[in-house]
Each structure stands twice: as structure tokens, then as C-alpha cells.
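**Q** how does the following fold in three dimensions:
(one chain, ligands or ions: 1)
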Amino acid sequence: MVSRVIPVDVFDLVIFGATGDLARRKILPGLYRRFMAGQMPEDSRVIGAARADLTEAAFRDQVRAALTEFVATDHLDPAMVEAFLARLHYVPIDATGSTGWVELKGLVRPDVVRAFYFSVAPSLFGDIAQRLSEHQIADAWSRIVVEKPFGRDLVSAKALNAVLARHFAEAQIYRIDHYLGKETVQNLMAVRFANILFEPLWKAEYIDHVQITVAETVGVEGRGAYYDKSGAMRDMVQNHMMQLLCLIAMEPPYHFDPDAVRDEKLKVIRALKPVQAEDIVRGQYGAGKDGAGYVTHSENPASRTESYVALKAQISNWRWQGVPFYLRTGKRLRARASEIAITFKQPPHAIFDDAKGWHENVLVIRLQPNEGMNLMVMIKEPGPGGMRLMQVPLDMSFADALAEVAEDVPDAYERLIMDVIRGNQTLFMRGDEVEAAWAWTDPIIEGWEARGDKPQSYDPGSSGPEDALMLMHRDGRRWREIKE
Ligand code: NAP
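**A** From the prediction side, this is the model:
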């Protein structure tokens, strides 16, 4: 199998914040990989912008260093690196001032796709949007890409949407949630909507429950100040986990079209029941062997910010009546593993005298590590001695099935940037989706604040707080083991 690289139109991509961490780690290495794959047309250019007073040569040196650090060695062809660097330009610019904007206008070409990536703090989004339109650097065909966090509650998200809407139409705004750029996440839609096999079973009648897990082994070291104002609910649940839940729960859109898909996701978010206090557990990791717990990393000894959340979500519609969606995410857990597990109900009548008694099918969609899917099915245990059953995986690991193309599978950022250039918003969040997600999350966070709730402490390297186990035990269910 040979991978197909679909060409895009010639573009000028301006990256505001081109010297920052995200640009160095993800955006520029991603663009280099797309360049290597032949997806950057001859005349396309990348224009870096930040306040630092760098020459073009100094900026290229910085990017060369970033590629050396963040691109796999076997992809670092020196001639290709130099050819890529030759496409780069740099303008010192102040988002809040007047420096650099005239120079930027002189650089950006009017007759190519123009995209502007706001890889800066959200407090600068309004300033940049305003200057782009004031100086007529962007026009009605230009696109802007904005990073998370998109607000910290409904009020601030509405304010951000309003600021951007003053200068850009919704069809020009690309709100990134990099989870939607993951291969497996898109495969979830392919599995659901391109096969007849699953859709008839995809409802309360046949599904017992859904588990979504995003577990990390790292803590908040080095990002403590930022994270302490955010917490797992804002950083993970409101955006990434909510998007995953939507893709599992949404009705089939009439077409794989940006607004058709986003309309269906929005309906799911709006159908979410408010979460009751007993259906949610917050945790904070305690001190590990090194003596450093969350409060050491956050540098706030009195911090009540959660590094872990587990909750039971319920969707008030016909398809999902009575089917709980259990979500959990946390830092410093026992393994780094993100997955969605859909557990089907038991057959209605047991014909086998099998001592184990459970006959569950589970569809496991693995986001990281080892992206892939597994369908757990019951079979007969081999050998004589009667009809004993066992659960085995029907493995659909992408690394094996797609071995020849696996190397060329773009990472989430690469794919999403190319979608921006193509003008395809399907995998980006619409403003009303983001607002609806905050409307569901806000009362949970406000409840914690009003009650002065403290997160439950959990041991680093564990599966999370005790109460999170109880959240499922109480319903006669168990979390899946967190393992890589
Ligand atoms: P960062 O490392 O602090 O970089 C910020 C960038 O913005 C720098 O290039 C900085 O360069 C530039 N900048 C700051 N003030 C400016 C101004 N007034 N005018 C023009 N440029 C200015 O931040 P980051 O980690 O890359 O994050 C960027 C955005 O991505 C944020 O919204 C963040 O929440 C989001 N994000 C980051 C990550 C990540 O892994 N890093 C992940 C998800 C989302 P100068 O100081 O030279 O101006």
C-alpha cells in the first residue's frame, strides 16, 4: 500500500509565536515533515513572527535546532532541511503595538492561501485579529488558527468568540483540538459510519457503558504556574474528552461535511445532563518517593487544583438512555495510556454452563501509545473438557495493518495544519460547540469552588483516588486497568 499525498494550494502561513515552545516542538517540525512528504507546493512560505529582534538567518538557525531536537533522526535529511529552511522568513512583530505590521503586509502575498496561526497566549488573540484586519493583511478568504485554551469558562469563551468575530467570519476560524487530528480518532468515525457491523448495535439496547481514559505518567513539573489556574477539568475534560465523547455518541451526520459533523456533536453536548456532585471525583497527586507532590510542582502549597478527574456523564436522548459514559483523566498515574472502551451488554440468554459467567464484547479504541483498535470477542477455550469460553482480541493494530504507510502517517498537528490550508473545518471546533462545552463544565467547577471542596490525594504511580474506583463499583462495574 502506498500513501497518497494530496497536494494543497500554494500558501503563506504566518506563525505568531514562532519562537515559542509549541512552534518549536510541533508546528515547525510538522511542517518540515509535510515538506518532506511533498505536500508543500514550490512557492509556499512560512513566516515566523514574534517580538524577538531576530534576523532571518538567526530564525532559521533556531528552527534548524528545533528540527534536530524534535524530528526523528532518520527523517533529517540535511539537504531537505536546508531546502525547508529556505522557505522560512521572519518578521519581528509586537502583537500589542505597531512594530512589524507594515513589514508583514509587504511579505504576505495577496494571491495565495493566507493562513495565520495564533500560537501565542489567548490574551493576544484580539490584538492580532484587530491588526491583521486594520492593516488589511488578512481578507475574507484568509484563515486564522487559534490554540487552546479557548477561554476558562463560558463568559471568557464568549468574549473570545466575540473578539474574533469582529474581524473574521466563523468559516475562517480554526479552533485546534489536536485530539481530533489523531488517526484513531478519525478512524472511530470510519468504523462507525463506513461499516454496517457496528451501527445497529450502537445504542442503549446493546451497549452497557463507555469508558474514556486519558492517563499520563508525567506531573505538572515546569508548567505548574499555568496548570494551577487550569486543572484537569479545564485542561482535558472540557475540550479533548468532550470531543471524544461526541464522536462516540453523535448521530450519523448526513455527510462528512464540517457543519454536518459539528451540528451532530453540538446536539450531544447540549443533551448532556448536569453532573451531580456524587458522580464526580477530583484528585491531586501526593508526594512521591522524591518528596515532590502536586503542591511542590505547582509552587502553591495551598493549591486545590485537581490533577485528576473521574466522572459519570449521561446523555439525555433516545439512543443513550441509561448508558453511562465514565470519563477519567489524570497526571502521574501508573501508565501513559489513552483509550476509549465500549462495553456491549451480555447476550440475553446464556446457553453455556460457563463458570466465569461474563460474555462481554468490548471495542477498545487506543489513542496512545500504539494507536489501534481491538474488538474483544468470546471464543471456545481450545482443547477437550467441555465448553469453556475465553475472551480474545480481534486485533486491528494500525502499526501492523498499515506497516508500509505507518511512517508517513502525519501526526495530529501536521494533518490539522494541512486541513487549514485546504479550508476544511471538519476537525476543528466551532464557536457554539466550545461555548456549549463550557456551559456543561462551568457548574461543576463552580460547585467545587462554592463548597470549597479539596481534591482527594492519590499516590503517584497509582490508578488514581480510591473514590474513583467507588464511582464504578457502586454501579457494579470496574475501570479497565491502566496499562501501556
Ligand atoms: P510560549 O513558549 O510562551 O511562546 C509564546 C510565543 O509568543 C513566543 O514566540 C513569544 O515570543 C511570542 N509572543 C509573546 N508575546 C508576544 C507579543 N506581544 N507579540 C508577538 N509575539 C509574542 O508559549 P507556547 O507554549 O508556545 O504556547 C503558545 C500557545 O499554544 C498558547 O496559547 C498555549 O496555550 C497553546 N498551547 C501550547 C502547547 C504546548 O505544548 N506548548 C500545547 C497546547 C496549546 P517573544 O517573547 O519573542 O515575543
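
**Q** which residue is nearest the centroid of the chain?
**A** residue 179 (2.3 Å; Cα atoms, centre = their mean).

**Q** now the end-to-end length of stretch 200-214.
**A** The straight-line separation of the ends of stretch 200-214 (Cα to Cα, to the nearest Å) is 28 Å.

**Q** what residues sit buried inside that stretch?
**A** Neighbour-count burial for stretch 200-214, with 16 or more other Cβ atoms under 10 Å as criterion, is recorded at 202, 207-214. Any C-beta I mention is one placed from the backbone N, CA and C, and that applies to glycine too.

**Q** what of stretch 54-72?
**A** Buried-residue list, stretch 54-72, by 16+ other Cβ under 10 Å: 54, 59-60, 62-64, 66-67, 71.

**Q** and the lengthiest helix in the chain, average pLDDT?
**A** What stands out as the longest helix in the chain, according to DSSP state H, is helix 431-451. Averaging pLDDT along helix 431-451 yields 96.

**Q** doesn't residue 417 fall inside a strand?
**A** No - counting by DSSP: H, G, I helix; E, B strand; the rest coil, residue 417 is not part of a strand but helix.

**Q** check contacts around it.
**A** Shown in contact with residue 417 (Cβ atoms under 8 Å, 6 or more residues apart in numbering): 13, 27, 30-31, 34, 117, 145.

**Q** ok, the residue nearest to the centre of the chain - contacts?
**A** Taking Cβ under 8 Å, 6+ apart, one finds 185, 239-240, 243-244, 367, 412 in contact with residue 179.

**Q** what strand or helix carries whatever residue of the stretch 301-450 of the chain ends up closest to the ligand?
**A** Using Cβ to the nearest ligand atom, the closest approach of the stretch 301-450 of the chain to the ligand is made by residue 413 at 9.7 Å. Assigned by DSSP states H and E, residue 413 falls within helix 412-422.

**Q** save the contacts of residue 179 as a markdown table, and put in neighbour count and pLDDT too.
**A** Formatted as a markdown table, the contacts of residue 179 follow (neighbours: other Cβ atoms under 10 Å; pLDDT from 0 to 100):
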| residue | neighbour count | pLDDT |
| --- | --- | --- |
| 185 | 23 | 87 |
| 239 | 25 | 97 |
| 240 | 22 | 96 |
| 243 | 19 | 96 |
| 244 | 26 | 97 |
| 367 | 22 | 89 |
| 412 | 20 | 90 |
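
**Q** I'd like these laid out as CSV, including secondary structure.
**A** Converted to CSV, the contacts of residue 179 look like this (three-state DSSP):
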residue, secondary structure
185, helix
239, helix
240, helix
243, helix
244, helix
367, strand
412, helix
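
**Q** ok, so of the residues you listed, who is nearest residue 394?
**A** Nearest to residue 394, judged by Cβ to Cβ, of the contacts of residue 179 is residue 367 at 18.7 Å.

**Q** where's the closest residue to that closest one other than its chain neighbours relative to residue 268, distance?
**A** Spatial nearest neighbour of residue 367, chain neighbours left out: residue 338 (4.0 Å); criterion: Cβ to Cβ, 6 or more residues apart in numbering. To residue 268, residue 338 is 20 Å away according to Cβ to Cβ, to the nearest Å.

**Q** cool, residue 24 as well?
**A** Note on residue 24: its distance to residue 268, by Cβ to Cβ, is 35 Å.

**Q** who's more crowded, the two?
**A** residue 268 (23 against 20; other Cβ atoms under 10 Å).

**Q** from the chain's centroid, how far away is the helix or strand hosting that one?
**A** Using DSSP H and E, residue 268 maps to helix 258-271. The gap between where helix 258-271 is centred and where its chain is centred comes out at 17 Å by Cα atoms, centre = their mean, to the nearest Å.

**Q** check stretch 468-484 too.
**A** Offset of stretch 468-484 from its chain centre (Cα atoms, centre = their mean): 23 Å.

**Q** could you check the angle helix 258-271 makes with the helix holding residue 413?
**A** Helix 412-422 and helix 258-271 are oriented at 130 degrees to each other (axes from the mean of the first three to the mean of the last three Cα atoms, to 10 degrees).

**Q** can you classify the residue nearest to the centre of the chain as helix, strand or coil?
**A** helix.

**Q** ok, it to residue 422 distance?
**A** Here residue 179 is placed at a distance of 20 Å from residue 422 (Cβ to Cβ).

**Q** same check, this time on residue 460
**A** From residue 460 across to residue 422, the span is 43 Å (Cβ to Cβ).

**Q** can you pull out the strands in the stretch 351-484 of the chain?
**A** With DSSP state E, counting those that start in this stretch as the criterion, the stretch 351-484 of the chain has strands at 362-368, 372-380, 389-397, 456-458.
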